[in-house]
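Engineer: sequence unavailable; structure follows:
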């Protein structure tokens, strides 16, 4: 469940790591499953977000407004990424706060037309760092060594 929970936007690994541990997984297993689960949808999001957004905007006014809000969210975060593409995207993803994370990073990468070969490593490192931060804040630094 932690693996699948990490795929859910907003919840991502911030919720999946503690959930996995509460469900009986070791901290290390929960961390690994959550990081991998968080990364599974990212290539698809980076590649297909723009095409899906364009299609959704033609379907209804409500969907068009939803797409507009998501684009505004990405636009709000793009300055961080534009400063130094790779590092900016990694930092955006690594900060485990609402409005950041792998899904937001993938959205920003798609809106900036970043190539997957450039976006995926930055998002992957950011997710791993976010997982380390969440695990350390939740269980302490010794959690990785038990």
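Structural biologist: Okay, I see it. Small disclaimer: the values here were computed from a predicted structure and weren't measured. Numbers count the residues shown, from 1 in each chain.
Engineer: what segments of the chain are helices?
Structural biologist: Under the criterion DSSP state H, the chain contains helices at 2-5, 12-22, 27-39, 42-57, 61-83, 85-94, 102-111, 116-139.
Engineer: out of those helices, which one sits most buried?
Structural biologist: Between these, helix 102-111 has the highest mean count of neighbours, a mean of 26, where neighbours are mean count of other C-beta atoms under 10 Å. Every C-beta, even on glycine, is put in place using the N, C-alpha and C of the backbone.
Engineer: list the contacts of that one.
Structural biologist: Applying C-beta atoms under 8 Å, 6 or more residues apart in numbering, the external contacts of helix 102-111 come out as 9-10, 12, 38-39, 41-42, 45-47, 49-50, 70-71, 73-75, 77-78, 81, 89, 92-93, 119, 122-123, 126-127.
Engineer: spatially central residue for the chain, please.
Structural biologist: For the chain, the residue sitting closest to the mean C-alpha position, by C-alpha atoms, centre = their mean, is residue 102 at 1.2 Å.
Engineer: pLDDT score for that one?
Structural biologist: With respect to pLDDT, residue 102 has a value of 94.
Engineer: now it: how far from residue 131?
Structural biologist: To residue 131, residue 102 is 10 Å away according to C-beta to C-beta, to the nearest Å.
Engineer: which residues do those two both contact?
Structural biologist: Residues touching both residue 102 and residue 131 by C-beta under 8 Å, 6+ apart: residue 38.
Engineer: state the phi and psi torsions of residue 112.
Structural biologist: Dihedral pair for residue 112: phi -90, psi 0, per degrees, to the nearest 10.
Engineer: what sits closest to residue 50 if chain neighbours are left out?
Structural biologist: Spatially, and ignoring its direct neighbours in sequence, residue 50 is nearest to residue 110 (5.5 Å; C-beta to C-beta, 6 or more residues apart in numbering).
Engineer: again, but for residue 64
Structural biologist: Residue 64 sits nearest to residue 57 (C-beta to C-beta, 6+ apart), 4.6 Å away.
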